[in-house]
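Participant: okay, here's the prediction I keep looking at, along with the sequence it came from:
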Amino acid sequence: MRYLVLGVVDGLITAGTLSATLIFRGGGIGLDLLVSLAVVVASINALTVFVAEFVQQMQEVKEVAYKVSLREEWLRWSLLHTRALYATAKSSAFAFVSSLAGALAVLAPAAVFPPAAPLALALAVLVVGAFLAESWGDFAWVVGMIALAVAVGVAVGLAFPVIA
């Protein structure tokens, strides 16, 4: 579940950062750029999750192997390794899909009707905040935190435009 939410937030921030110049300075996003950016954003997140998750999984496999054999040694590939790789691949796939959804929440409205992109970004932040918050008090700080992260990303994107 954490990778689903992380993926959506990552997609919002990264897509907002990369496309900030176009979205906030009146440029348009064509369908080809929309697809390219969304796939790049989702791929980066999926690869990041894969590396982090696989390192953690391999550390756990090593720990289990040590506890079973009570000595430290390099194990040959085993069923534990295969299961760890499968779990990692599954987490990465979920991260890709959720990050793609986050990126599309920003980029699709920008492609269809560019002036609506900032509103769509704000709405996406509210929806993710509502999903994460357990109470109204939580909602305020969760939305504030996500909005701050998105705002910093957009500011970086405007200060250092990647796509102009």
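Facilitator: Cool, got the structure.

Participant: hey, which helix is longest across this structure?
Facilitator: In the chain, assigned by DSSP state H, the helix with the most residues is helix 31-69.

Participant: okay, buried residues for that helix please.
Facilitator: 33-34, 37-38, 41-42, 44-46, 49-50, 53-54, 57-58, 61, 65 (16 or more other CB atoms under 10 Å). Backbone N, C-alpha and C define where each C-beta goes, glycine included.

Participant: just the helices from this protein, written as ranges.
Facilitator: Under DSSP H, the chain gives helices at 2-18, 20-24, 31-69, 79-112, 117-132, 136-159.

Participant: just put the ones you listed in JSON lines and tack on mean pLDDT.
Facilitator: Output for these, formatted as JSON lines (pLDDT from 0 to 100):
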{"stretch": "helix 2-18", "mean pLDDT": "87"}
{"stretch": "helix 20-24", "mean pLDDT": "84"}
{"stretch": "helix 31-69", "mean pLDDT": "89"}
{"stretch": "helix 79-112", "mean pLDDT": "91"}
{"stretch": "helix 117-132", "mean pLDDT": "91"}
{"stretch": "helix 136-159", "mean pLDDT": "93"}
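
Participant: and the gap between the spatially closest residue to residue 143 that is not a sequence neighbour and residue 116?
Facilitator: Leaving out its chain neighbours, the residue that sits closest to residue 143 by CB to CB, 6 or more residues apart in numbering is residue 129, at 3.5 Å. Separation of residue 129 from residue 116 (CB to CB, to the nearest Å): 20 Å.

Participant: try residue 42
Facilitator: Taken as CB to CB, the span from residue 42 to residue 116 is 22 Å.

Participant: what is the neighbour count of residue 137?
Facilitator: Residues lying near residue 137 (other CB atoms under 10 Å) number 9.

Participant: list the contacts of it.
Facilitator: Not one residue lies near residue 137 by CB atoms under 8 Å, 6 or more residues apart in numbering.

Participant: shouldn't residue 26 be in contact with residue 114?
Facilitator: Yes - assessed by CB atoms under 8 Å, residue 26 is found in contact with residue 114 at 6.8 Å.

Participant: quick one: which of these two has more around it?
Facilitator: In this view residue 26 and residue 114 are compared by other CB under 10 Å, and residue 114 has more residues nearby, 17 against 9.

Participant: what residues are up against that one?
Facilitator: By CB under 8 Å, 6+ apart, the neighbours of residue 114 are 22, 23, 26, 27, 28, 29.

Participant: let's see if you can find the most crowded of these.
Facilitator: That'd be residue 23 among the contacts of residue 114, by other CB under 10 Å, with 28 neighbours.
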